[in-house]
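**Q** sharing a model prediction with you, sequence too.
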Amino acid sequence: MRKAILAKLLVFGALVSGATVAASADAPKTKMTTDIPKSITAPEQLDTSIGKLRFFDGVPTGNTVQTVYDYLDRSRAVNVFLNSIPAMSMYALRAGQASIGADASNKIAIWDNLMDSKTLLLTGNTSTMYAVGFLDLAKDGPTVIDLPPGMLGVLDDMAFRYMTDLGVAGPDKGKGGKFLVLPPGYKGDVPDGYFVVPSKTNGVWVFTRGYLDKKLPLDKAIRTASANIRDKMKVYPLVQANNPPKTEFINVSGKNFNTVLPNDVSFFTKLHDLIQREPDDFLGPEAKGMMAAIGIEKGKPFAPDARMKKILKDAASIGNAAARTISFFPRYPGNMIYGNKSAWMMAYADKDTTFEKNGAYNLDARVLFHFGYIVVSPAMAVTVAGKGSDYGLIALDAAKRPLDGSKTYKLHLPPNPPAKDFWALTLYDTQTRSQLQTDQQFPTLGSQTKGIKKNTDGSYDIYFSSKPPKGKEGNWLQTVPGKSWWLALRIYGPLEPWIKQSWRPGEIELVK
């Protein structure tokens, strides 16, 4: 139908393109003639960024019809790409976890030996123990998560919207307990004794992490954190509460698998697949309509023709470029920690996890976060002295240039980094936004790193290069020639000097 209408319009445009265009400019005066403002008319020709657009008395002629429809389809596809990054990031997480065997609600991927750079996962850290799973509420119905004590986690839905915190920041207050997650529109009975969490989507990401006891030697702290999760965490359908299936744990430390969303035209095919598995209206009418405009609809095949495939490929390339521009050169002031003169930025603009400002979505802020980061929880954007964690991120040098793995850089940290627990610096790959893969298994160093040296005044100088500067081996993180990189500074238990910015890290300086 759509092709037939477009064909008729093109034929009409061709027929009228040869007609005289003077009719509009020199229309005769009549008894009913009104002076018409030029602002409400179309001239014979418009010069635009998409080419010359021509009209016969306001009606598009010639190639204008095709040019405009190509532009509309491309612009809508770019819009879909950028606005669907949160959902597609969740899709990629689910697919990645399933690829290593965590393909059911009772199967949990755990990094028993912490996460290293083998795992492609957005901004994963090397300092806490991750354990993640996925619920399938369409298959299992109401599902129970029996959470161990001493955890920190969150439930996010398939649009990457916050549902509830688990553990220390959640209703169990870190004591553990049973959470009951209800499917969309659930009307059945809800038993007592649970922290009840309704979901708007069938898929739910279960993200948890166990902190390492800093009073214990590292190897023992790792074993203790793993045992707490493996021995006490359980996930099962409510209908099987009397005889729950065993929760399976899959050790994925050191395993190579991908959980990062695609940047190419496959983005749209996978988005169509995601839409089929979720309630029809879970993203709202605006997003639903924009997707339908490019052929992505629930219950219908996604079958773009050759013209549309070309447009979608172009849109994915533009969307990818836009996401990377927003991520590495943000223009929204709320993403900058110390103002525009510094390259240090934060993931949650204005410390807002809803990505709203004055009742409107902050579109750039939402893209920046979801393209590079995961886990949405208000607890991650509330800085309380001595509790939780806070982050600074930097991807440019002091001259606002991309960081080059073939060069040597230095970062100065003033004396007494304001961390009650510990601080850590981790390198990431600008392509994957995952840990940078080098000869160093864990591309991290910080206050817990053996061999790191302070300056005489208690400050630190950290070096980044492909080979360690002589005498600086303990304060060095390896980079890769031909690759860029970026850095996260994590402050665990941030203190007042960090919160009030009386202590701040230096810029990344090129060492000449």
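**A** That came in fine, so what should we check first?

**Q** any idea which residue sits dead centre in this protein?
**A** Here the mean C-alpha position of the chain is nearest to the C-alpha of His370 (Cα atoms, centre = their mean), at a distance of 1.8 Å.

**Q** what comes up buried for stretch 354-371?
**A** Buried residues in stretch 354-371, counting neighbours by 16 or more other Cβ atoms under 10 Å, are found at 355, 362, 364-371. Using the backbone N, CA and C atoms, a C-beta is placed for each residue, glycine as well.

**Q** ignore what I typed, I meant stretch 467-487.
**A** So, applying 16+ other Cβ under 10 Å, buried residues of stretch 467-487: 475-480, 483-487.

**Q** dump these to a markdown table, plus pLDDT, secondary structure and distance to Glu286.
**A** Compiled in a markdown table, those are given as follows (pLDDT from 0 to 100; DSSP: H, G, I helix; E, B strand; the rest coil; distance: Cβ to Cβ, whole Å):
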| residue | pLDDT | secondary structure | distance to Glu286 |
| --- | --- | --- | --- |
| Asn475 | 98 | helix | 50 |
| Trp476 | 98 | strand | 49 |
| Leu477 | 98 | strand | 43 |
| Gln478 | 98 | strand | 45 |
| Thr479 | 98 | coil | 42 |
| Val480 | 98 | coil | 42 |
| Lys483 | 98 | coil | 38 |
| Ser484 | 98 | strand | 35 |
| Trp485 | 98 | strand | 37 |
| Trp486 | 98 | strand | 33 |
| Leu487 | 98 | strand | 36 |
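
**Q** quick one: which of those residues is nearest Thr383?
**A** Leu487 (19.7 Å; Cβ to Cβ).

**Q** list the contacts for Asp352?
**A** 334, 362, 365, 381 (Cβ atoms under 8 Å, 6 or more residues apart in numbering).

**Q** for the residue nearest to the centre of the chain, helix, strand, or coil?
**A** State at His370, reduced to three classes by DSSP: H, G, I helix; E, B strand; the rest coil: helix.

**Q** can you tell me how far it is from Leu363?
**A** Counting by Cβ to Cβ, to the nearest Å, the separation of His370 from Leu363 is 11 Å.

**Q** doesn't Ala92 make contact with the residue nearest to the centre of the chain?
**A** No. Between His370 and Ala92 there is no contact under Cβ atoms under 8 Å: 11.0 Å.

**Q** how far off centre is the helix or strand where Trp423 lies?
**A** According to DSSP states H and E, Trp423 maps onto strand 419-429. With Cα atoms, centre = their mean, to the nearest Å as the basis, strand 419-429 stands 20 Å off its chain's centre.

**Q** what's the answer for stretch 265-275, then?
**A** The answer for stretch 265-275 is 16 Å, by Cα atoms, centre = their mean.

**Q** check which residues of it are buried.
**A** Those would be 265, 267-268, 270-272, 274-275, for stretch 265-275 by 16+ other Cβ under 10 Å.

**Q** quick one: the strands in the stretch 401-512 of the chain?
**A** Along the stretch 401-512 of the chain, counting by DSSP state E, counting those that start in this stretch, strands occupy 409-413, 419-429, 444-446, 460-465, 476-478, 485-494, 508-510.

**Q** kindly report the same for the stretch 151-300 of the chain.
**A** Using DSSP E, counting those that start in this stretch, the strands of the stretch 151-300 of the chain run over residues 151-157, 162-167, 177-182, 195-198, 203-210, 234-237, 248-251.

**Q** out of those, which gets nearest to Asp57?
**A** Of all those, it is strand 151-157 that lies closest to Asp57, at 50.9 Å by Cβ to Cβ.

**Q** can I get that closest one as PDB, trimmed to CA atoms?
**A** In PDB, the C-alpha atoms belonging to strand 151-157 read as follows (Å, rounded to 0.1, in the frame of the first residue of the first chain):
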ATOM      1  CA  MET A 151      24.300  -7.300  48.500                       C
ATOM      2  CA  LEU A 152      23.800  -4.200  46.300                       C
ATOM      3  CA  GLY A 153      21.800  -4.400  43.200                       C
ATOM      4  CA  VAL A 154      18.800  -3.300  41.100                       C
ATOM      5  CA  LEU A 155      16.000  -4.500  38.900                       C
ATOM      6  CA  ASP A 156      15.700  -2.800  35.500                       C
ATOM      7  CA  ASP A 157      13.000  -3.500  32.900                       C
END
